[in-house]
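Novice: Structure of the sequence below:
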Amino acid sequence: MAPLRPTDPSRIAGYRMLGRLGAGGMGVVLLGRSAGGALAAVKIIHPSYAQDAAFRERFRREVRLARQVRSRYAVPVVDADTEALAPWLATEFVPGPPIGEAVDRTGPLPEHSVLRLGRMLAEALEAVHTAGMVHRDVKPGNVLLAPDGPRLIDFGIARALDDTVLTATDMVVGSPGFLAPEQARGEQPGPAGDVFSLGCVLAYAATGERPFGAGPVEAVLYRTVHDTPRLDALPGPLRPVVAHCLAKDAARRPTAAELRALLTRDTPAEGWLPAPIDRLIAERSARMLALPDIEATRVEPAGPGATTAVTAPPARPHWTRRRTLALVAGAAALTAGSTTAFWLLGVDRPT
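Specialist: Okay, the predicted model is just below:
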């Protein structure tokens, strides 16, 4: 998390801003804390987009639809103001890493983890599709890992942004290497496109490689449309399921509900991740426990000549080795007990 910049708001509605989670051409994502102490990722749309009446109408519609998604594996919208000069929305927050980072740092996931991952993400997509939405950008960076299961982020809202900005300039909507052939051709994707993308994510999680390779965007898109995916490195039970998801013909792919049934297996959610990823989650959770204190209360002067009374800020804790160990130990409880999920909407993480 990066520090707030002078141009960033210190408060939005009932949220105090703590730092920057990311930024992009359409806006900025800040970490906020509600009056009750809950953390939220707050996305602030740039006012220039808000001046577009068509964009604002799509934004209203997608926020409304996103609130209807009911899945423990899909991040919910918890607050929003679609009528503000700079429209914003907030989602729940957890500090779990995205699949891409986890694979980069710890290697591919074991077979049982990928099977469980696929089943839970299929359940999330089923809820998104039931709400009348299409995700359109299922990729490793949009799936966060937590001890009690993955969290699908960016659902629905990305559709409002892309309809206004990307589609208007004839750009492909989605992430090359994880989008469906119909998306690569510039066509409007449906739920089957999300299933194709999920198949690509599962192949990547299990092998660390994209099923249509890497390289120039044009080459990846061509292979997505015309070539057979490379699935030889996939474990036996996964290969036919992923191949089914990656059918070129959208009508031949399973629905999200059918995919969930295909991946049904007696694998408990608890302990579904390998130990190195559990440690990565704990490290991130520990950093969240070290967030800044609530600022001191300020009282404005009562009249001319009066002085401003400022309460003394709470003393910074003395960081002993015992306290540091307790912080790390508490990380697991923060992650396991949290109902919040990390959310980024079409922006880059600060480096």
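Novice: in the stretch 51-200 of the chain, which spans are strands?
Specialist: Taking DSSP state E, counting those that start in this stretch as the criterion, the stretch 51-200 of the chain contains strands spanning 77-81, 88-92, 143-144, 151-152.
Novice: typo on my end, it should be the stretch 201-350 of the chain
Specialist: For the stretch 201-350 of the chain, the strands identified by DSSP E, counting those that start in this stretch occupy 298-299, 309-310, in order along the chain.
Novice: The closest residue to F212 other than its chain neighbours: neighbour count?
Specialist: Setting aside the residues directly before and after it, F212 is nearest to R223 in space (C-beta to C-beta, 6 or more residues apart in numbering), at 4.4 Å. Yep, even glycine has a C-beta here, placed from its N, CA and C like the rest. When neighbours are counted by other C-beta atoms under 10 Å, R223 registers 20.
Novice: Check the one 5 residues further on too.
Specialist: Residues within reach of T228, counting by other C-beta under 10 Å, total 11.
Novice: now swap in D232 and tell me
Specialist: A count of neighbours around D232, defined by other C-beta under 10 Å, yields 7.
Novice: Same question for I99.
Specialist: Neighbourhood size, I99 [other C-beta under 10 Å]: 24.
Novice: Next up, the contacts around it.
Specialist: 117, 140-141, 143-145, 150, 201, 204-205 (C-beta atoms under 8 Å, 6 or more residues apart in numbering).
Novice: mind checking how far it is from I277?
Specialist: Plainly put, I99 is 10 Å away from I277 if you go by C-beta to C-beta, to the nearest Å.
Novice: joint contacts of these two?
Specialist: Between them, I99 and I277 have L145 as joint contacts when contacts are counted by C-beta under 8 Å, 6+ apart.
Novice: which parts of stretch 212-223 are buried?
Specialist: When burial is assessed from 16 or more other C-beta atoms under 10 Å, stretch 212-223 yields the following buried residues: 212, 220-221, 223.
Novice: Closest to F178 out of the contacts of I99?
Specialist: Ranked by distance to F178 (C-beta to C-beta), the contacts of I99 are led by V201 at 6.4 Å.
Novice: For that closest one, give me its contacts.
Specialist: Applying C-beta under 8 Å, 6+ apart as the definition, the contact partners of V201 turn out to be 99, 121, 138-140, 143, 178.
Novice: Take the residues you listed and lay them out in a markdown table including distance to A41 and pLDDT.
Specialist: Compiled in a markdown table, these are given as follows (distance: C-beta to C-beta, whole Å; pLDDT from 0 to 100):
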| residue | distance to A41 | pLDDT |
| --- | --- | --- |
| I99 | 18 | 97 |
| L121 | 20 | 97 |
| V138 | 19 | 95 |
| K139 | 18 | 94 |
| P140 | 18 | 96 |
| V143 | 15 | 95 |
| F178 | 22 | 95 |
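Novice: farthest-separated two in the residues you listed?
Specialist: Using C-beta to C-beta, the pair of the contacts of V201 lying farthest apart is L121 and F178, separated by 12.7 Å.
Novice: and those two? which has more neighbours close in?
Specialist: The neighbour comparison of L121 against F178 (other C-beta under 10 Å) goes to L121, with 29 against 26.
Novice: Next one: that one relative to I153, how far apart?
Specialist: Summarising the geometry, the distance separating L121 from I153, computed by C-beta to C-beta, is 11 Å.
Novice: So for those two, which residues contact both of them?
Specialist: Jointly contacting L121 and I153 under the rule C-beta under 8 Å, 6+ apart are V143.
Novice: Mind jotting down where the helices sit in the stretch 51-200 of the chain?
Specialist: In order along the chain, the stretch 51-200 of the chain carries the following helices (DSSP state H, counting those that start in this stretch): 53-66, 99-106, 111-130, 157-164, 181-184, 191-207.
Novice: Quick check: which of those is nearest to G271?
Specialist: Taking C-beta to C-beta as the measure, the helices of the stretch 51-200 of the chain were each checked against G271, and helix 111-130 came out nearest at 9.9 Å.
Novice: what angle separates the closest one from helix 99-106?
Specialist: Here helix 111-130 runs at an angle of 170 degrees relative to helix 99-106 (axes from the mean of the first three to the mean of the last three C-alpha atoms, to 10 degrees).
Novice: L30: what secondary structure?
Specialist: For L30, the secondary-structure state derived from DSSP: H, G, I helix; E, B strand; the rest coil is strand.
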